[in-house]
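Trainee: Structure of the sequence below:
(chains A and B)
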Amino acid sequence: MVKTQKMNVPIMAELAAKNESPEILFWVGCAGSFDDRYKKVTRAFIKILNKLKISFAVLGTEESCTGDPARRAGNEYLYQMQAMSNIQVLDGYSIKKIVTACPHCFNTLKNEYPDLGGNYDVIHHSVFLQQLIDEGKIKVKEGGSFKGKKITYHDSCFLGRANGIYEAPRKILKEMDADLVEMKNCRSKGLCCGAGGAQMFKEAEPGAEEINDKRTAEALETGASIIASACPFCMTMLSDGIKNKEKESQVVVKDIAEIVAESQNL
Amino acid sequence: MAYLQQIIFLIILGAAGYIFWKRIALIRSNILLGKNLDRTDNRPERLKSMLFVAFGQRKMFKNITPAILHLFVYVGFVVINLEVLEFIIDGLAGTHRIFAPYLDGFYNTLMNIFEFLAVSVLAACMIFLFRRNVLKVKRFAQPEMTSWPKLDANLILITEILLMLAILSMNATDQILQTRGITGYVFTGQLVFSSLLIPLFDGLPAGLLVFIERLAWWLHIIGILGFAIYITYSKHLHIFMAFPNTWYSDLTPKGKMESMDSVTSEVKIMLGLATDVGSAQAPEKIDRFGAKDINDLTWKNLMDAYTCTECGRCTAECPASQTGKKLSPRKIMMDVRDRMEEVGNSLANNGKGLEDGKSLLGDYITKEELNACTSCNACVEACPVLINPLQIILEMRRYIAMEESGSPAQWNIMFQNIETSFSPWKFAPADRSNWIKE
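Mentor: Numbers count the residues shown, from 1 in each chain, chains lettered A, B, ... in the order given. Next up, the predicted model:
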């Protein structure tokens, strides 16, 4: 059961007013801020941060789109406007380390902002959580709630192929004592959910099938009852795929952070 | 008369060398139609990339069956071509198997290795023909695989088979002539594979055997020279291009897009960010934003197109292609090459070149193809020689968005949302932190 407990969410501007600086900035992202499903992931991640008393802050209303969808859709101008404004805000607070639960934000902040002068230590939340497990800060009790559960992990393209992060999310799932099963296309051969490259924001081009339906079918083939993801867009696409196949009662999509939070009874 | 063969050989060798050289020069100038890009950094990493990916074929081994077959043809090609050195010396000097007396027993070992490889190449090429034409492996039968690409692939395989048959027939007849003590036919020791063919030729008179042996020799060397020229017109150019292409490959994470400096200076002026006035001045020559034609792409993008051997691993992995969308990364590469050759040939004949009223966008690649890409990098990951179709797709999207304002309507709405609400969805910016209280 997920307990309702008050979250402690420090806002960067308020900390700065008190002359405090957090160790990390949690970049929530547009989906984490506005998408009802992904807000739950944001909260799950914050509960973990709170429990471990990790010093962090969010930008709140000062946060703004990284510019990734504009850039992938070809609008470099808009991307750079966003990027440079964001860099001004981040540098204004002397941010050094950023954690985000969105692989698209992660990729843009980590790989693309340096070209415009924004240099930060950027970590995706899956790697961050894996580090906490490695450091022994997150311990999974014997026979936790995921013990023996069949879980399959869907690789986000922007985490996997784009940045070579394949193992961190899998290590977390193994740590949960889950029965990790792989889809026929996984890791560097993982099939896209269909949302990348700004496809999230438009209808797909004419074709024989929707990409998310194809990927969902691959996930269902594994017989897993949980599809683990680490990206807000993948989550939307796969959840829609499950609805289209009317499997909502049997299969759920959960973010890595939600799985960790649940294992800690948060 | 004694020198006639040598003179003919010299003329053929010279002519082939000249044509080959002209073709390479044309290809080079076509590649240089592309925009400048600095890839001179990090030489140790580049060397590693070339050694592992091109020389070591590391990425081929994701798919084991074609990898092993391809390895036979590749090693066979590289090693058997050492024998071409002897062919050329013999051809010019009028000698026969000039290395045999010097290398003695080792010559026999070498020849047997060559023969083993020749048989491997032969077998692999036959299996490849079978896969293409009988099994009809899916990636060889997509819309862009029209009659020429299909014929090209089959011609290459058939030529390689003929070249190997020529070598084996030559060695078989040579061995018979050695036992008959014909002058000039030096002892090579038993050549295991070709000796299996001896029964085919054994009953023939010495004169006919010499004729067959010489014919096979000439067919092999002319075949190889012709092949070298042919591949400059063919998808098969990858046998050379794989090396520079992996050397000059992108060493940054696949997720990173190249920044556009011309945009940066404008944005800096807009945001009042310019620290020193000089750097914020608009550049002297304003490039077109993004890519409409091949000269808007970098020379590396164009080199990629010449390196593509149309294997279709990219398209087979592409989620858009797999679900029936029009996009095929392989077609993108083939289109770039076709357009580049069109422009290059036109320029070489004092034609209009890029000003011929056509362009890569529109005449070759449609928006529907470009709009289907999810930028998932599956095509980039799949390519055994580090070709990057995604960069080209994204450059062309930049042209459509910034020069034509021709992006799909829903993307234009997304742009508007980011501009006004700082989120791709239309939510009030002030509500961004509402989730904290909910």
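
Trainee: What is the neighbour count of A:Ile138?
Mentor: Burial of A:Ile138 is recorded as 20 neighbouring residues (other Cβ atoms under 10 Å in any protein chain shown). Every residue, glycine included, has its C-beta placed from N, CA and C.

Trainee: wouldn't it be in contact with A:Leu132 here?
Mentor: Yes. Because the distance of 4.7 Å satisfies Cβ atoms under 8 Å, A:Ile138 is recorded as touching A:Leu132.

Trainee: residues shared between the contacts of those two?
Mentor: Here A:Ile138 and A:Leu132 share the contacting residues A:Ile48, A:Leu52, scored by Cβ atoms under 8 Å, 6 or more residues apart in numbering or on different chains.

Trainee: list the buried ones in the helix or strand hosting B:Lys268?
Mentor: B:Lys268 is part of helix B:261-270, with elements assigned from DSSP states H and E. Buried residues in helix B:261-270, counted by 16 or more other Cβ atoms under 10 Å in any protein chain shown: B:Val263, B:Thr264, B:Ser265, B:Glu266, B:Val267, B:Lys268.

Trainee: Closest to B:Leu360 out of the residues you listed?
Mentor: Distance to B:Leu360, by Cβ to Cβ, is smallest for B:Val263 among those, at 21.1 Å.

Trainee: quick one, what contacts the closest one?
Mentor: Contacts of B:Val263 (Cβ under 8 Å, 6+ apart): A:Glu76, A:Tyr77, A:Gln80, B:Phe289.

Trainee: The first one touches B:Val267, doesn't it?
Mentor: Just to be clear, that refers to A:Glu76. No. Using Cβ under 8 Å, A:Glu76 makes no contact with B:Val267, being 9.1 Å away.

Trainee: count of residues packed around B:Leu200?
Mentor: 12.

Trainee: quick one: what helix or strand has it in it?
Mentor: Going by DSSP H and E, B:Leu200 is in helix B:198-201.

Trainee: And the contacts of that helix?
Mentor: B:Ser169, B:Ala172, B:Thr173, B:Gln175, B:Ile176, B:Leu209, B:Ile212.

Trainee: in it, what's buried?
Mentor: B:Phe201.

Trainee: Show me what secondary structure element comes after it.
Mentor: According to DSSP H and E, the helix or strand after helix B:198-201 is helix B:206-231.

Trainee: Which elements pack onto that following helix?
Mentor: Judged by 3 or more Cβ pairs under 8 Å, 6 or more residues apart in numbering or on different chains; DSSP states H and E, helix B:206-231 is in contact with helix B:4-31, helix B:64-93, helix B:147-179.

Trainee: how distant is that helix from the center of its chain?
Mentor: In this view, helix B:206-231 has its centroid 27 Å away from the chain centroid, taken as Cα atoms, centre = their mean, to the nearest Å.

Trainee: Next, the angle from it to helix B:64-93.
Mentor: Between the direction of helix B:206-231 and that of helix B:64-93, the angle (axes from the mean of the first three to the mean of the last three Cα atoms, to 10 degrees) works out to 120 degrees.

Trainee: so who does A:Phe233 touch?
Mentor: When contacts are counted by Cβ under 8 Å, 6+ apart, A:Phe233 is found next to A:Ala31, A:His104, A:Ser156, A:Cys193, A:Ala195, A:Gly196, A:Met200.

Trainee: Could you do A:Met200 as well?
Mentor: So A:Met200 contacts A:Pro69, A:Phe233, A:Thr236, A:Met237, B:Pro424 (Cβ under 8 Å, 6+ apart).

Trainee: Quick check, B:Trp435 in contact with A:Lys39.
Mentor: Yes. With contact defined as Cβ under 8 Å, B:Trp435 counts as touching A:Lys39 (4.5 Å).

Trainee: shared neighbours of these two, anything?
Mentor: Residues touching both B:Trp435 and A:Lys39 (Cβ under 8 Å, 6+ apart): A:Gly32, A:Ser33.

Trainee: more neighbours, the two?
Mentor: Taking B:Trp435 and A:Lys39 together and counting by other Cβ under 10 Å, B:Trp435 has the greater number of neighbours (22 against 19).

Trainee: how about the helix or strand containing that one: buried residues?
Mentor: For B:Trp435, the host element (DSSP H and E) is helix B:434-437. For helix B:434-437, burial by neighbour count (16+ other Cβ under 10 Å) applies to B:Trp435, B:Ile436.

Trainee: Identify the residues contacting it?
Mentor: So helix B:434-437 is contacted by A:Met7, A:Val9, A:Val28, A:Gly32, A:Ser33, A:Phe34, A:Lys39, A:Thr42, A:Arg43, A:Val58, A:Gly60 (Cβ under 8 Å, 6+ apart).

Trainee: dump the residue contacts of the first one.
Mentor: Right, the one you point to is A:Met7. Per Cβ under 8 Å, 6+ apart, neighbours of A:Met7: A:Arg43, A:Ile46, A:Lys47, A:Asn50, B:Ile436.

Trainee: Tell me the secondary structure at the first one.
Mentor: Think A:Arg43. helix (DSSP: H, G, I helix; E, B strand; the rest coil).
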